[in-house]
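>>> Build me a model from this:
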Amino acid sequence: MMVRPLLAAFALVLLSGFGTQAAEWNVESGKSRLGFVGNQGGAPFEGSFSRWSAKIDFDPANPAAGSAVVEIDMTSAATGDKSRDEALPQGEWFDAKAFPKARFEAKSFRAKGGNAYEAVGTLGIRNIKKDVVLPFTLDTTGTSAHAKGRLELIRTDYGVGQGAFATPQMVALEVAVVLDIQATRKP
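So this is what the prediction gives:
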């Protein structure tokens with residue numbers, strides 16, 4: 001009968017499908033940083049978000065099967081400058097009362113050679129969503145991973161910096177989102 005070879009072929013197809021799933025990772029929040037870099041009045045500044053979460057499914061051997069969702073609490077932005085930190089959650093900037101979270105969703109990843117990758121997805125800030133490609137490097141050792149990336153943005157594309165701040169006279173339009181993530185593969 002042909003049943004046994006058909007069952008074996010079906011089982012092989014099912015098992016090979018499981019191999020294409022990505023691995024889940026736990027982000028080590030105490031060792032990770034999600035931040036931003038800008039320029040105000042000709043002087044560079046850095047900031048970071050203290051509250052954010054990430055769900056990452058990624059296998060370097062099969063990056064296209066991966067996905068990630070990062071949610072950022074926009075009220076947690078801090079730069080170390082009191083007046084800037086008080087202004088960021090306000091309506092002209094993040095408008096955190098109306099838009100408390102930003103969200104990055106990677107629908108797939110691409111290998112670029114060596115330890116270089118790209119996360120392909122959307123970034124939503126102030127309820128404005130744009131397609132983005134986040135370049136990053138990934139170094140893995142056993143069940144540990146270290147990713148570093150930088151995404152260049154124009155802040156006004158997302159409505160960040162309105163009114164008098166919509167032009168580059170006081171604050172540059174170019175902003176970089178930077179990540180430095182330590183993670184451990186889930187068992």
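
>>> Could you use CA atoms for every contact and neighbour count after this?
Will do.

>>> Now T141: phi and psi?
With angles defined as degrees, to the nearest 10, T141 sits at phi -140, psi 110.

>>> Now for it, how many residues are close by?
Number of residues near T141 (other CA atoms under 10 Å) recorded here: 8.

>>> Next: A54.
With other CA under 10 Å as criterion, A54 counts 17.

>>> my read: I72 touches R33, true?
No: using CA atoms under 8 Å, I72 is not in contact with R33; the gap is 11.7 Å.

>>> list residues touching both of the two?
With contacts defined as CA atoms under 8 Å, 6 or more residues apart in numbering, the residues shared by I72 and R33 are F49.

>>> Helix, strand or coil: sort out D85 for me.
Here D85 takes the helix state, with states given by DSSP: H, G, I helix; E, B strand; the rest coil.

>>> Can you read off the pLDDT for the closest residue to it other than its chain neighbours?
Spatial nearest neighbour of D85, excluding adjacent residues (CA to CA, 6 or more residues apart in numbering): A78 at 5.4 Å. If you check A78, the pLDDT there is 98.

>>> Against P89, how distant is A78?
10 Å (CA to CA, to the nearest Å).

>>> In which helix or strand does I181 reside?
strand 174-185 (DSSP states H and E).

>>> Pull up the pairing partners for that strand, direction included.
Take DSSP bridges as the rule and strand 174-185 pairs in its sheet with strand 24-27 (antiparallel), strand 33-40 (antiparallel), strand 144-154 (antiparallel).

>>> for those, which one ends up most surrounded?
Mean neighbour count (mean count of other CA atoms under 10 Å) peaks for strand 24-27 among these, with a mean of 20.

>>> Which residue ranges of this structure form strands?
All strands of the chain, identified by DSSP state E, fall at 24-27, 33-40, 43-49, 52-57, 67-73, 77-78, 101-113, 116-125, 128-141, 144-154, 174-185.

>>> could you dump the ones you listed to TSV with distance to P168?
What follows is these, written out as TSV (distance: least, CA to CA, whole Å):
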stretch	distance to P168
strand 24-27	35
strand 33-40	9
strand 43-49	13
strand 52-57	28
strand 67-73	25
strand 77-78	21
strand 101-113	23
strand 116-125	19
strand 128-141	20
strand 144-154	11
strand 174-185	9
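
>>> Next, the contact list for the nearest residue in space to Q182 that is not next to it in sequence, please.
Sequence neighbours aside, H146 is the residue nearest to Q182 in space, at 4.6 Å (criterion: CA to CA, 6+ apart). Going by CA under 8 Å, 6+ apart, H146 touches L138, D139, T140, D180, I181, Q182, A183.

>>> Okay, and the beta partners of H146?
Beta-bridge pairing for H146 (DSSP bridges): D139, Q182.

>>> if I look at it, how far off is I154?
Distance from H146 to I154, by CA to CA: 27 Å.

>>> Give the residue spans of this protein that score low on pLDDT.
Low-confidence segments of the chain, defined by pLDDT under 70: 1-21.
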